[in-house]
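Chemist: Build me a structure from this.
(2 chains)
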2 protein chains.
Amino acid sequence: MDSVARLSLNQITTERASLGETVDACARHGVPYVAVWRHKLAEVGLDRAARLVRDAGVRVSSVCRGGMFPAPTPAERAARLEDNRRAVDEAAALGAEVLVLVCGPAPDRDIAAARRMVADGIAELAPYARERGVRLGIEPLHPAFAAERSCITTLREARCLAERFDPATVGIVADVYHIWWDPEVCDEIARAAGRLVGFHVSDWLVPVRDILMNRGMMGDGVIELRALRTAVEQAGYAAGPIEVEIMNEAVWNTPLDTLLPLIKERYLACV
Amino acid sequence: MDSVARLSLNQITTERASLGETVDACARHGVPYVAVWRHKLAEVGLDRAARLVRDAGVRVSSVCRGGMFPAPTPAERAARLEDNRRAVDEAAALGAEVLVLVCGPAPDRDIAAARRMVADGIAELAPYARERGVRLGIEPLHPAFAAERSCITTLREARCLAERFDPATVGIVADVYHIWWDPEVCDEIARAAGRLVGFHVSDWLVPVRDILMNRGMMGDGVIELRALRTAVEQAGYAAGPIEVEIMNEAVWNTPLDTLLPLIKERYLACV
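Modeler: I've put the predicted structure just below:
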């Protein structure tokens, strides 16, 4: 655990920077991977983004995000699916192996129906992704986001959903911020063996203020990061990229040439 | 479902009022139960509280809260346990059948150790509670509170913990705010048959701002209240009090003679 060979900077951690600024900082500081967000991609366009990444010598660990499958009407669900196909195209164009799925909330009070829409959406998307060599990574989100971002809230639920599909196409992304509290987290990581396609790190700050922006730098919160990394490695995710994904105003306001060395230091010390 | 015979006003819903004001309002508006919080009890003293409740003709559905078992040293854990015995005494003096347990967070990063401290604490407290005719109700809290209020975060975990003890002494409190997101919520309620000693209702507002104060009046949020009530009744909790527990500044600032009729109306319409 004494190298940054697996380290990926998830671009939301540098939300104030452009894609060009972020990949240049990765190159300057020896961070080998970047995870690209689609709103940042849209700012520069796909062709230029692919060139920026290639010229910086950085690899794309994942594209964030597809998903958001549930919607009240068939037409809206079809539009969501079409947007997911574009996300797959973008991942393929950037050479990213994984498209992260934030599955989406219910459009009403019926969370069970929303979960069925998620399963249906993945079933429709999977062949398209397989043909383009992109794996879909179902990321269970913290239950605090169940009403607004994802009706898929636990590793167990993500695993049961993923198991309906070919593991070469549909896997699971384990993000410590979303799963650390789960009494079955290590058991479920073990059960996800062969399905893990991503591992995201940050920390859970105390006290919680804004639940969305509560992520902290690794080591600043209460998550047992190394224990979770060990569990993930024992489940077979032992060489893939480890993304640092921090949504936090103070982190966003830190200059990149201060932030990236700190990320590397904490990654080496805490993850 | 056309009566308020099971309705209990959890006192945190009227945080700005004294115990006397709250029980008088319950009497005035035909709310048969109140759930008493210990910080409110401390304001008036136990003897006077018992008299206020009796004189108002209101019954106490539960006392909130015991728990908070994990602490870094044996001496501190012993002090927490002693405080829990006082909470049992208070519940017994008020004629409350149930002491609600908010189990407490880890004092450090070791949530597994904290969970063991919770189990040990309940094991030590249970005989004392049994002798005094008070049931301990383990309330799993929403995972958003795992670092600050309770390391017991799911119905499944609460059930597995409760199952180590005699069901006459240790049960489970199901609060919709804490459990609604769980993909296994109805299955787990069914598995808790014979163990349910309380059912708390409110709603989950969208968007979430402050996670602690995000509870809303029943019907104002996304929780399928009636489905959860049905599940709880099918699991055998078909006659016990149903507590309305809302932590929300706007609710707290509503005059009691406006608030209680609204609670009754929404209880009848939505729960």
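Chemist: where do the strands sit along the stretch 51-200 of chain A?
Modeler: A:59-67, A:98-102, A:135-138, A:170-175, A:196-201 (DSSP state E, counting those that start in this stretch).
Chemist: Next, format those strands as CSV and append mean pLDDT.
Modeler: Output for those, formatted as CSV (pLDDT from 0 to 100):
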stretch, mean pLDDT
strand A:59-67, 98
strand A:98-102, 98
strand A:135-138, 98
strand A:170-175, 98
strand A:196-201, 98
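Chemist: for A:Val102, what are its contacts?
Modeler: Shown in contact with A:Val102 (Cβ atoms under 8 Å, 6 or more residues apart in numbering or on different chains): A:64-68, A:139, A:141, A:149-150. All C-beta spots, glycine's among them, are computed from the backbone N, C-alpha and C.
Chemist: Ok, A:Arg28 next?
Modeler: A:Arg28 touches A:257, A:260, counting by Cβ under 8 Å, 6+ apart.
Chemist: re earlier: distance to B:Cys186 added to the strands of the stretch 51-200 of chain A, as CSV?
Modeler: Below are these laid out as CSV (distance: least, Cβ to Cβ, whole Å):
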stretch, distance to B:Cys186
strand A:59-67, 25
strand A:98-102, 25
strand A:135-138, 22
strand A:170-175, 24
strand A:196-201, 29
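Chemist: so A:Gly194 touches A:Gly236, yeah?
Modeler: Yes: the criterion here is Cβ atoms under 8 Å, and A:Gly194 meets it with A:Gly236 at 5.8 Å.
Chemist: Residue numbers of chain A in contact with chain B?
Modeler: A:106, A:108-111, A:115, A:142-144, A:146-148, A:153-154, A:156-157, A:180-183, A:204, A:206-211, A:221-224 (Cβ under 8 Å from any Cβ of the partner chain).
Chemist: Can I get the buried ones among these as something I can paste into PyMOL?
Modeler: Burial among the residues of chain A next to chain B is assessed by 16 or more other Cβ atoms under 10 Å in any protein chain shown; the matching PyMOL selection reads:
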select buried, chain A and resi 106+109+110+111+115+142+143+144+146+147+148+153+154+156+157+180+181+182+183+204+208+211+221+222+223+224
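Chemist: Got the confidence number for the single nearest residue of the stretch 151-271 of chain A relative to chain B?
Modeler: Using Cβ to the nearest Cβ, A:Trp181 is the residue of the stretch 151-271 of chain A that sits closest to chain B, at 3.7 Å. A:Trp181 is assigned a predicted lDDT (pLDDT) of 98.
Chemist: same question, A:Asp2
Modeler: Confidence score, pLDDT, at A:Asp2: 61.
Chemist: residue contacts, the residue of the stretch 151-271 of chain A closest to chain B?
Modeler: A:Trp181 touches A:142, B:111, B:143, B:146-147, B:153, counting by Cβ under 8 Å, 6+ apart.
Chemist: out of the residues of chain A next to chain B, which are inside helices?
Modeler: Mapping those onto helices (DSSP state H) picks out A:111, A:115, A:156-157.
Chemist: got a list of what the closest residue to A:Glu224 other than its chain neighbours touches?
Modeler: Once flanking residues are discounted, A:Glu224 sits nearest to B:Arg109: 5.2 Å by Cβ to Cβ, 6 or more residues apart in numbering or on different chains. Residues in contact with B:Arg109, defined by Cβ under 8 Å, 6+ apart, are A:222-224.
Chemist: before we move on, what about A:Leu19?
Modeler: If you count contacts by Cβ under 8 Å, 6+ apart, then A:Leu19 has A:11, A:36, A:40-41, A:43-44, A:49, A:52-53 around it.
Chemist: For those, work out which two are farthest apart.
Modeler: Maximum pairwise distance in those, criterion Cβ to Cβ, is 13.8 Å, between A:Glu43 and A:Val53.
Chemist: Which one of those two is surrounded by more residues?
Modeler: A:Val53 (23 against 13; other Cβ atoms under 10 Å in any protein chain shown).
Chemist: got a list of what the more buried one touches?
Modeler: A:19, A:23, A:34, A:36, A:59-60, A:94-95.
Chemist: Repeat that for A:Tyr267.
Modeler: Per Cβ under 8 Å, 6+ apart, neighbours of A:Tyr267: A:4, A:7, A:201, A:218, A:242, A:244.
Chemist: Which pLDDT value goes with it?
Modeler: We have a pLDDT of 98 for A:Tyr267.
Chemist: doesn't it fall inside a strand?
Modeler: No: if the criterion is DSSP: H, G, I helix; E, B strand; the rest coil, then A:Tyr267 is helix and not within a strand.
Chemist: hmm, back to that, identify the residue nearest the residue of the stretch 151-271 of chain A closest to chain B in space, chain neighbours excluded?
Modeler: B:Ala146 (3.7 Å).
Chemist: didn't the one you found look like it was pressed against B:Thr153?
Modeler: Yes: look at B:Ala146 against B:Thr153 with Cβ under 8 Å: they come within range, at 5.2 Å.
Chemist: Who's the closest spatial neighbour of A:Arg229, skipping the chain neighbours?
Modeler: A:Arg229 sits nearest to A:Val271 (Cβ to Cβ, 6+ apart), 5.6 Å away.
Chemist: Please apply the same query to A:Leu125.
Modeler: Closest to A:Leu125 by Cβ to Cβ, 6+ apart is A:Asn84, at 5.1 Å.
Chemist: Count the residues that sit near A:Phe165.
Modeler: 20.
Chemist: Check A:Asn253 too.
Modeler: Neighbours of A:Asn253 (other Cβ under 10 Å): 10.
Chemist: Fine, thanks again, bye for now.
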